[in-house]
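Peer 1: Predicted model, plus sequence, below.
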Amino acid sequence: MKILGNSYLELLELMKTKQISTKELHEYFLKRVKKFNKDLNAFITPPEDVVTEGDMPVAVKDNFNTTGLRTSASSKVLDDYISPYDATVVKNLKTSGSYVFGKTNMDAWAHGSSTETSDYGPTKNPWDTSRAPGGSSGGSAASVAAYLAPAAIGSETAGSIRQPAAWCGTVGLKPTYGRVSRYGVVAMGSSFDCPGPITLTVEDSAYILSKIAGKDEYDATTSTKSVPDYIRALKSPKKYKIGIPQSYFDTADKEVVEKINEAVKVLEKLGHSVKKIKLIDPKYAISVYTILQRAEVSSNLSRYDGIRYGNDRSNFGEEAKRRIMLGTYTLSHGYYDAYYKKAQRARALVIDDFEKAFKEVDLILAPTAPNTALKLGEFEKYPFFGELMDILNEPAAVAGIPAITVPVGKSKENLPFGMQVMGKQFDEESILDLSHQFERETEFFGITKELLKKYPD
Amino acid sequence: MKSKKLSKKDVEHLAKLSQLKLSAKEIEKYEKQLSETLDYVDNLDELKTKNVKEAHSVTNSKDEFFEDGEENKRGLDENKVFGNSKKTMNNQFVVERIL
Amino acid sequence: MVCPVCLGLPGALPVPNKKAVEWTIKIGKALNCKINPSSKFDRKHYFYPDLPKGYQISQYDEPVAVNGYLEVNGKKHGITRVHLEEDTGKLTHEGKDSLVDFNRSGVPLVEIVTEPDFQSSEEVKAFLEELHAIVKYLDVSDANLEEGSMRLEPNISVRAEGEKKLPDYKVEVKNINSFRYVKKAVDFEIKRQSGLLSKGTKPVQETRGYDENKGITVSQRTKEEAQDYRYFPEPDIPPMNFTQTYIQAVAVPELPSQKVEKYQKEYGVRENEAFLLTREQETAVFFEKVLLMINDKNKSQKLANVIVNKKIKIGGTAEEFIKKFEETSKEKETDTQALESAIVTTLNAHKQEVDSYKAGKENVIMFFVGQVMKEMKGNADPQTVKTELEKKLKKK
């Protein structure tokens, strides 16, 4: 039975029709992990040898609390932490028949866009192991790209799902803020964090979203809006008005812009209409995000004192310390108005800006990242460590709107890059629909299948 | 924009407020890096934010409460509570004497 | 019993308890406050072992209730605000270590802040006792000072006589677990601060602990810079909107002071007994119930007396109580024959006093009443005795 390259839903079908068993599937992926993880370092806590409950393996980012396996958020502060409870997302996956297949590497505390700030070594990009996979969900993206797991759960505060998914040539979805519960996710930016799936196909993404989304009584910020049948929505494709914001293309590499323009032509051929729109320059979203996120980070990391669990604060890495201090500064006496308050006001402007745009168009399209995977170690040269790398992701994060990234092309160095589709709050159906139509038309130019040759069984 | 340089004293004060111990080298490094970040975020002054109401959140959620049920579904038993702690005594967590 | 939320475990999130919010409004209403139509929570940051998240969820600029008052002994004391926050864990000390227990961490705590308008320790004590009675009437807390379910933290400062401005410092005193100690602590502070001020030294603005064994206050914090709490709105909890309908629906029962007035005006009970009856809601309710059943307002003061002086215990049912109550009234019903002979015996034994009475010394009657009561071994109603004596003496 050939398993290699099958999507999560295809494997689920094989299991339902008894063509493979959970044991076989588990052993299959475990073998691949044992073979390739030492080079990729996608998993920092490998999957258990034997699966005791559940049918389908899903790799989970290490900032999700899991009762069986350690939860460290890739930080030495939580080096030996075994959580006594499961995150709601994990609980929901288990209820729907999946199980936690190992914990994936990430930037420590999700602070970063390259997975290089992990206290357990960086993850390598499966496309070119001298390069970063992106971050902070680098381990999750790499595990799916190299087919070490059929799907993975990541989290995004601003770019942490989309950017590594794009740099690794996979599909990554950041749902609307409040669509998926944050209970049990190590908090980074409380008003930004969104758990979401990283997969090989759009249908897989829709499926997993439908299993993890919904109101959670343990998370007061989750929405009471009912969860639509995302898979069913894909079966009745619609035509959309797509907005193209020029300011998002100005900072992107030429190759990226070219390929996206080609993709836009494909969409037009499929019957969608395209319109140039004007959005606030994303550089302002960076400032809003930088201030608010770091303020929340400085607060959320205050609980780590080593008394009830974990190791003391001297175990924080450089990036964590940097962010904590900047956050403390912007909240401190005398500076609150100039930074935090101002950023919250600017946030309102960004939210408004998107609301206005969505009166003219249904969806907004842009490059996911301005560039392709950087070489390991290059990030250090950039001011505030790669925040600028997420420039195109930060506006959606600031506004809390959903966005998906799909592979759209490769650079001449054979590195993949992605195209992102942003939608109105709680309109995941439309962004999934458009991406699915694009996938059916182009099969993502074979990008999601290419690495299977590099990582054979 | 003029560089809003943080002084060594500022960084030391921040470290204290954040309960972080920094080496002299780190203080110097952070002085520069944090100042750079603060310079960048000054670009918000280019936006008209004076009369805008703060967005405390991206959602319009209000009045989300927890109602007590019959059973406490999240209660943890002793070994779960203390299992991750380095030092406990008499079912309590131990720290160096305060006061 | 602890959970991930009260332990501050990674990934845990807070959700405000519905009843707790409702009860905060209840307290605000009972204290004549304005209930804010919109209210929110904020994070208050500081590091301490009993604060698991490194911040306390509290309310900064949009508390649940503001601008109320509580009238005690004819003086209206201002209530600045009533807000809801979470409690911390409990820190105790043992040898070289400090121990932290998180059982009460995250428990809802209502903070009531008054205006600085108390002029004496008596005022403070009386106010707190009234507030305590109210809280118990509202049935929102055990309000047990010893157990810590109600905590008293007076802030004291002293100014020169005639000075109208508030002093520019204040000293907070904690660890007071009785009303008696509150008065002592305030008195001690007034004395201590006055002593310093008369030497030209301004008392340090600080938090002090009350030592009940020594009857003094002791400085609790070492000299520290003022705390920078870095308040910001709690992102994990959406804001709250209280509609007029909702606020009106929060029921506040009849409060002690309202009952005190009613007992006096409607039942003719004296102020002293009315006050004592209403210190505990159970007692007041029982009194009202029995009075309703007896259906005789003339007996209200007597009933009040009986209850206040614990002449009959109020442990059982109202019926049992009424039976005993009627009995004591009956007991005073006099045996007329025995009374007749007791009067005759008494008057015959005190012929001199009888003459005095006839001569005009009318208050001798009380002496006779006493003697007759002695003769009757107390089994007579004094009023009846007096009346019968008067009748007899008129005849003689």
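Peer 2: Yep, that arrived. Numbers count the residues shown, from 1 in each chain, chains lettered A, B, ... in the order given.
Peer 1: Longest strand in chain B, please.
Peer 2: Longest strand of chain B, by residue count under DSSP state E: strand B:92-96.
Peer 1: From residue C:117, how far off is the closest residue to chain A within chain C?
Peer 2: Closest approach between chain C and chain A, counting by C-beta to the nearest C-beta: residue C:54, at 2.4 Å. The way it works is simple: take the backbone N, C-alpha and C, and place the C-beta from them, glycine included. Plainly put, residue C:54 is 35 Å away from residue C:117 if you go by C-beta to C-beta, to the nearest Å.
Peer 1: Can you tell me the SS state at residue C:93?
Peer 2: The assignment at residue C:93 comes out as strand when based on DSSP: H, G, I helix; E, B strand; the rest coil.
Peer 1: shouldn't it be in contact with residue B:98?
Peer 2: Yes. Using C-beta atoms under 8 Å, residue C:93 makes contact with residue B:98 at a distance of 7.3 Å.
Peer 1: Could you report the separation of the residue of chain B found nearest chain A from residue B:96?
Peer 2: Closest contact between chain B and chain A, by C-beta to the nearest C-beta, is at residue B:58 (2.9 Å). Using C-beta to C-beta, we find residue B:58 at a distance of 42 Å from residue B:96.
Peer 1: so who does the residue most central in space within chain B touch?
Peer 2: Geometric centre of chain B, nearest residue: residue B:18, 7.5 Å, by C-alpha atoms, centre = their mean. With contact set as C-beta atoms under 8 Å, 6 or more residues apart in numbering or on different chains, residue B:18 has these partners: A:298, A:321, A:324-325, A:328.
Peer 1: now do residue A:92
Peer 2: A:181, A:211-212, A:214.
Peer 1: So which of those residues are in helices?
Peer 2: Judged by DSSP state H, helices contain the following of the contacts of residue A:92: A:211-212.
Peer 1: Closest to chain C out of the contacts of residue A:92?
Peer 2: Nearest member of the contacts of residue A:92 to chain C, counting by C-beta to the nearest C-beta, is residue A:181, at 8.6 Å.
Peer 1: shouldn't that closest one be in contact with residue A:218?
Peer 2: Yes. In this structure, residue A:181 is within contact of residue A:218 by C-beta under 8 Å, at 7.0 Å.
Peer 1: can you give me the helices in the stretch 51-200 of chain A?
Peer 2: Secondary structure of the stretch 51-200 of chain A (DSSP state H, counting those that start in this stretch): helices at A:88-95, A:138-145, A:162-167.
Peer 1: any chance of those helices in JSON lines, with mean pLDDT too?
Peer 2: JSON lines is the format used below for these (pLDDT from 0 to 100):
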{"stretch": "helix A:88-95", "mean pLDDT": "98"}
{"stretch": "helix A:138-145", "mean pLDDT": "98"}
{"stretch": "helix A:162-167", "mean pLDDT": "98"}
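Peer 1: Single out the most deeply packed of these.
Peer 2: Most buried of those by mean neighbour count (mean count of other C-beta atoms under 10 Å in any protein chain shown) is helix A:138-145; its value is a mean of 36.
Peer 1: Just name whatever secondary elements that one is in contact with.
Peer 2: strand A:43-45, strand A:56-61, strand A:98-104, strand A:152-156, helix A:162-167, strand A:194-199 (3 or more C-beta pairs under 8 Å, 6 or more residues apart in numbering or on different chains; DSSP states H and E).
Peer 1: Can you tell me which of the ones you listed is most buried?
Peer 2: It is helix A:162-167: most buried of the helices and strands packed on helix A:138-145 by mean count of other C-beta under 10 Å, with a mean of 35.
Peer 1: Residues contacting that one, please?
Peer 2: Taking C-beta under 8 Å, 6+ apart as the rule, helix A:162-167 contacts A:113, A:115, A:125, A:132-138, A:140-142, A:154, A:156, A:171-172, A:174, A:198, A:368-369, A:372-373, A:389-390, A:393, A:403-405, A:407, A:415-418, A:420.
Peer 1: Mind doing that once more with 6 Å?
Peer 2: Helix A:162-167 has contacts (C-beta atoms under 6 Å, 6 or more residues apart in numbering or on different chains) with A:113, A:133-135, A:137-138, A:141, A:172, A:174, A:198, A:368-369, A:373, A:393, A:405, A:417-418, A:420.
Peer 1: burial measure for the residue of chain C closest to chain A, as a count.
Peer 2: Neighbour count for residue C:54, taken as other C-beta atoms under 10 Å in any protein chain shown: 22.
Peer 1: out of everything not next to it in sequence, what's closest to it?
Peer 2: Counting by C-beta to C-beta, 6 or more residues apart in numbering or on different chains, residue A:302 is the residue found nearest to residue C:54 once chain neighbours are left out, at 2.4 Å.
Peer 1: And residue A:437, by the same measure?
Peer 2: residue A:237 (5.3 Å).
Peer 1: Look at the one you found and report its pLDDT.
Peer 2: For residue A:237, the pLDDT comes out at 96.
Peer 1: After the worst-scoring helix or strand of chain C on mean pLDDT, which helix or strand is next? Please name it.
Peer 2: The helix or strand of chain C with the poorest confidence is helix C:318-331; it has a mean of 79 (mean pLDDT, DSSP states H and E). Next in sequence after helix C:318-331, counting helices and strands by DSSP states H and E, comes helix C:336-349.
Peer 1: Tell me which other helices or strands that following helix touches.
Peer 2: Judged by 3 or more C-beta pairs under 6 Å, 6 or more residues apart in numbering or on different chains; DSSP states H and E, the packing partners of helix C:336-349 are helix C:364-375.
Peer 1: what's in contact with the helix it packs on?
Peer 2: By C-beta under 6 Å, 6+ apart, helix C:364-375 touches C:342-343, C:346, C:353, C:356-357, C:380, C:382, C:385-386, C:389.
Peer 1: Now with 7 Å, please.
Peer 2: Defining contact as C-beta atoms under 7 Å, 6 or more residues apart in numbering or on different chains, one finds that helix C:364-375 is touched by C:342-343, C:345-346, C:353, C:356-357, C:380, C:382, C:385-386, C:389-390.
Peer 1: Then stretch C:313-327?
Peer 2: Here stretch C:313-327 has contacts from C:283, C:286, C:289-290, C:293-294, C:303, C:306-307, C:312, using C-beta under 7 Å, 6+ apart.
Peer 1: Likewise for stretch C:271-288?
Peer 2: C:133, C:136-137, C:256, C:259-260, C:263-264, C:301, C:303-305, C:307-308, C:314.
Peer 1: count of residues packed around the closest residue to chain C within the stretch 251-400 of chain A?
Peer 2: At 2.4 Å from chain C, residue A:302 is the closest residue in the stretch 251-400 of chain A, using C-beta to the nearest C-beta. Other residues near residue A:302 number 24, with proximity taken as other C-beta under 10 Å.
Peer 1: Next up, the contacts around it.
Peer 2: C:45, C:47, C:53-55.
Peer 1: Residue A:53 and residue A:100 touch, don't they?
Peer 2: No. Counting by C-beta atoms under 7 Å, residue A:53 stays clear of residue A:100, with 10.3 Å between them.
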